[in-house]
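Asks: Here is the input, now give the coordinates:
(2 chains)
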2 protein chains.
Amino acid sequence: MPAAYDVVGIGNAIVDVIAAADEAFLAAEGLVKGAMTLIDAERAARLYDRMGPARESSGGSAGNTMAGLAALGGTGAYIGKVRDDLLGRVFRHDITAAGVHFATPPATDGPDTARCLVLVTADGQRTMATYLGACVELGPEDVDAALVGAARITYLEGYLFDPPRAKQAFRTAAAAAHAAGRQVALSLSDPFCVERHRESFRELVEREIDILFANEAEICSLYRTASFAEAAEAVRGRVAIAALTRSAEGSVIVAGGETHRVAARPVPRVVDTTGAGDLYAAGFLYGLTRGRPLPVCGALGSLCAAEIIGHVGARPEASLRDLAAVAGLA
Amino acid sequence: MPAAYDVVGIGNAIVDVIAAADEAFLAAEGLVKGAMTLIDAERAARLYDRMGPARESSGGSAGNTMAGLAALGGTGAYIGKVRDDLLGRVFRHDITAAGVHFATPPATDGPDTARCLVLVTADGQRTMATYLGACVELGPEDVDAALVGAARITYLEGYLFDPPRAKQAFRTAAAAAHAAGRQVALSLSDPFCVERHRESFRELVEREIDILFANEAEICSLYRTASFAEAAEAVRGRVAIAALTRSAEGSVIVAGGETHRVAARPVPRVVDTTGAGDLYAAGFLYGLTRGRPLPVCGALGSLCAAEIIGHVGARPEASLRDLAAVAGLA
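Replies: Here you go, the predicted model:
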């Protein structure tokens, strides 16, 4: 059956609340710089009170990836759970207006729409504190098997392993994709997320995942290796394609016996790294679903990551399709 | 009595919803490019549905000015009306976290917190559609005469003339300021706002205003002159100081027999002009309340306006205090 969508993304549907902060503030609040910490509603309210003036912008790892894919001209759908509240309407507006199909019904009671307090330090690094809210309501019943079967690739964010029912939704989606003869991609999301779910992730990678996205800290955490090189060899053969990102050092793509090194794209100034991995995945998946060679997929990933780190926020502001055309990658 | 605050700002308390748009979209929606159009809740919902992915950020003309004043190191307070809803809490958080005193009680029923749909075209110009929401609830009872009396300057945005009770609050505040021996500043806000309230504004400028902020289109509309030079002469003597902004051509300050021309500060790229006038006023008022010469006040205004037009959104992202220090204006 021809695919109606290039990619269906499944993730925690989150609105980002982004503010500048200094290192002392992160330390005082007990947040690990560069990482994502899960917080409850009460701590979210307290932290919000203390943090600086903010801007709100739709986020969520897989949501960012799908918005990026659409901005390149790809066709995408999204599955994720918001509440029927103001932030839920903001999330729905933004992903729909980006051109992504989003039909998951909102929760009509229970916790509010999720928010992620994103603290950006002067070096452009982001530190995140997430209140999962309505994301805990996502369950297998939200996975539309026909939709999953209609997408070339089902893309899952590792963060889905935090809310317990979402983890079930994740497994349901992977099974539905494979039953339809499609591929399943996973992003490991965060080294602490890998720490929390290492055994589940390893088993999943071995059995269900065709395409794996991870950064250096995540892949090293998954295989408990001391070096990136060891981790890259550990993953080789366990998935068809592993795209491993290394910030300014670019990415390494491991596929069977092949290894491709792709340069990062230089940016005048790193303003905010939020969404860099998500947008790398967007570019990569766009290339892959168009049958482009792996180094071109990686270069598309670098291009999209470079756009996102040049401004505040994790959704593209420039036309990624135009940028790709200018770079000869369209 | 020594002043506890440099400036108290009174305005429509609004959250901006900012998205990119093209000229065809503005035309299709019947919006006048560069201007502010008042819309009702229903039209706001319809326009939001049609516009692109957005980011939310606290705004409101006088709110932006007060945030800018605080970012320079000035002391400010704000009076404005939000609803006790999510956007109201966002507005309160942002202005408070910016260091501005804000104690106006929120409305507990009636319309939602106001929002302004800001459409930014590729040339950096912004076109605004405002749903006034809870702003229509601001009334004279919200004007704390002691607070107004405790500020060197009371700063009023012309947009307050749109909601009828806010106009009364405006007059109450001006009277309280003068009764306490303080000065009153007014920004004309928008040429169409001047058009709607020309006679009231003229009378007010003549009788109550010490410091007037206006851009070229606004001052020409106020005095129905064909040229900027005529308008500048028309306002001379009617207020102690008129600070007249001319976009890339800088500003002209008219004070009694004096005329000062101040250059605009060059920016690498105009990204979004939202808040340019508001931040010019912030810099100018900061200088004025510190007794700086008028050309220095104007240069501080240019500095703050340049920061705001270099990024999306109308609240400062860089430290204005540091920028002023680097420019030798602190």
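Asks: Next one: the spatially most central residue of chain A from chain B, what distance?
Replies: With distances taken as CA atoms, centre = their mean, the residue of chain A nearest its centroid is A:Ser61 (3.0 Å). For A:Ser61, the distance to chain B equals 16 Å [CB to the nearest CB, to the nearest Å]. C-beta here means a position set from N, CA and C on the backbone, and glycine is covered the same way.
Asks: The closest residue to A:Gly110 other than its chain neighbours - how many residues pack around it?
Replies: Closest residue to A:Gly110 apart from its sequence neighbours, by CB to CB, 6 or more residues apart in numbering or on different chains: A:Glu137 at 5.7 Å. By other CB atoms under 10 Å in any protein chain shown, the residues close to A:Glu137 number 20.
Asks: Pretty sure A:Glu137 sits against A:Lys81.
Replies: Yes. The pair A:Glu137 / A:Lys81 is scored as a contact, 4.9 Å apart, by CB atoms under 8 Å.
Asks: if we can go back for a sec, what score does the residue nearest to A:Gly110 have for pLDDT?
Replies: Note on A:Glu137: pLDDT of 96.
Asks: and if you look at A:Ala318?
Replies: Taking A:Ala318 on its own, its pLDDT is 88.
Asks: three-state assignment of it?
Replies: coil (DSSP: H, G, I helix; E, B strand; the rest coil).
Asks: wait, what's in contact with the closest residue to A:Gln168 other than its chain neighbours?
Replies: If the residues on either side of it in the chain are set aside, A:Gln168 comes closest to A:Pro140, at 4.9 Å by CB to CB, 6+ apart. Neighbour list for A:Pro140: A:165, A:168-169, A:171-172 [criterion: CB atoms under 8 Å, 6 or more residues apart in numbering or on different chains].
Asks: cutoff 10 Å now
Replies: Applying CB atoms under 10 Å, 6 or more residues apart in numbering or on different chains to A:Pro140 gives the contacts A:165-173, A:175-176.
Asks: quick one: it from chain B, how far?
Replies: 29 Å.
Asks: if we can go back for a sec, now the residue nearest to the centre of chain A: how far from A:Gly313?
Replies: Using CB to CB, to the nearest Å, one obtains 14 Å as the distance from A:Ser61 to A:Gly313.
Asks: okay, and the common contacts of the two?
Replies: What both A:Ser61 and A:Gly313 touch, as defined by CB under 10 Å, 6+ apart, is the set A:Gly275.
Asks: And the residue lying closest to the residue nearest to the centre of chain A once chain neighbours are set aside, what's its pLDDT?
Replies: In this structure, A:Ser61 finds its nearest non-sequential neighbour in A:Glu157, 4.2 Å apart by CB to CB, 6+ apart. We note a pLDDT of 97 for A:Glu157 in this prediction.
Asks: what's A:Glu157 in contact with, if anything?
Replies: Here A:Glu157 is in contact with A:9-12, A:60-65, A:80, A:166, A:170, A:185-190, A:193, A:213, A:277-278, A:281 (CB under 10 Å, 6+ apart).
Asks: Mind doing that once more with 6 Å?
Replies: For A:Glu157, the contact set (CB atoms under 6 Å, 6 or more residues apart in numbering or on different chains) comprises A:11, A:61-62, A:187, A:189.
Asks: List the beta-bridge partners for it.
Replies: Beta-bridge partners for A:Glu157, by DSSP bridges, are A:Ser187.
Asks: From the contacts of A:Glu157, which land in strands?
Replies: Counting by DSSP state E, the contacts of A:Glu157 place A:Ser187 in strands.
Asks: Next, the residue nearest to A:Met128 when sequence neighbours are not counted: phi, psi?
Replies: Nearest non-adjacent residue to A:Met128, counting by CB to CB, 6+ apart: A:Met36, 4.3 Å away. For A:Met36, the backbone dihedrals (degrees, to the nearest 10) come out as phi -110, psi 120.
Asks: need the contact list for A:Met36.
Replies: For A:Met36, the contacting residues are A:128, A:130, A:190, by CB under 6 Å, 6+ apart.
Asks: What of A:Thr127?
Replies: Counting by CB under 6 Å, 6+ apart, A:Thr127 has contacts A:26, A:31, A:33, A:119.
Asks: Most neighbours among those residues, please name it.
Replies: Busiest of those [other CB under 10 Å] is A:Leu119, holding 26 neighbours.
Asks: my guess is A:Gly73 meets A:Arg321, correct?
Replies: Yes. Contact between A:Gly73 and A:Arg321 holds when scored by CB atoms under 6 Å: they sit 4.8 Å apart.
Asks: Return every residue with contacts to both of these two.
Replies: Contacts common to A:Gly73 and A:Arg321, judged by CB under 6 Å, 6+ apart, are absent.
Asks: which stretches of chain A form helices?
Replies: Assigned by DSSP state H, the helices in chain A fall at A:23-28, A:41-50, A:61-72, A:86-97, A:145-149, A:164-179, A:191-207, A:216-223, A:228-235, A:276-289, A:294-309, A:320-326.
Asks: for the last one, which positions count as buried?
Replies: Going back to what we said before, that points to helix A:320-326. Residues of helix A:320-326 classed as buried: A:320-321, A:323-324 (neighbour count, 16 or more other CB atoms under 10 Å in any protein chain shown).
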